[in-house]
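Novice: Pasting the sequence and the predicted model now:
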Amino acid sequence: MCSYTTHVHVCTNCDGEDTVLISEQLCPVAKASGIFGSCFQGVLSQRDATAYRCWQCREMAQHGVELGSMTS
Ligand SMILES: [Zn+2]
Ligand SMILES: [Zn+2]
């Protein structure tokens, strides 16, 4: 059975998700023809989540630092 893995980044701050990559793994049957899913055994989908800080939250954190440094 062929499978694909959806690699997502999940923000540790706001739980926002960002799909970064979808990788396909061909099983030996499909590999013979070189076409994903050509084994007709169905496709298994997997999820690979990585914790990160999204740009909105990074931006907010940066502005917080800037504002803090301005008032001090
Ligand atoms: Zn397959
Ligand atoms: Zn976020």
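Specialist: Right, received. Where do you want to start? Ligands and ions are numbered 1, 2, ... in the order given.

Novice: count of residues packed around residue 10?
Specialist: By other Cβ atoms under 10 Å, 14 other residues sit near residue 10. Yep, even glycine has a C-beta here, placed from its N, CA and C like the rest.

Novice: ok, what's across the strand from it?
Specialist: Note on residue 10: beta-bridge partners by DSSP bridges are residue 17, residue 51.

Novice: how close does residue 24 get to ligand 2?
Specialist: 28 Å (Cβ to the ion, to the nearest Å).

Novice: Could you do residue 25 as well?
Specialist: In this view, residue 25 and ligand 2 are 30 Å apart by Cβ to the ion.

Novice: need the contact list for residue 11.
Specialist: By Cβ atoms under 8 Å, 6 or more residues apart in numbering, residue 11 lies in contact with 17, 18, 51, 52, 53, 54, 57.

Novice: Same list (these) but as TSV, adding pLDDT, neighbour count and distance to ligand 2.
Specialist: Listed next are these as TSV, based on pLDDT from 0 to 100; neighbours: other Cβ atoms under 10 Å; distance: Cβ to the ion, whole Å:
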residue	pLDDT	neighbour count	distance to ligand 2
17	96	13	10
18	94	13	9
51	97	9	11
52	96	17	9
53	95	16	6
54	95	18	4
57	94	15	3
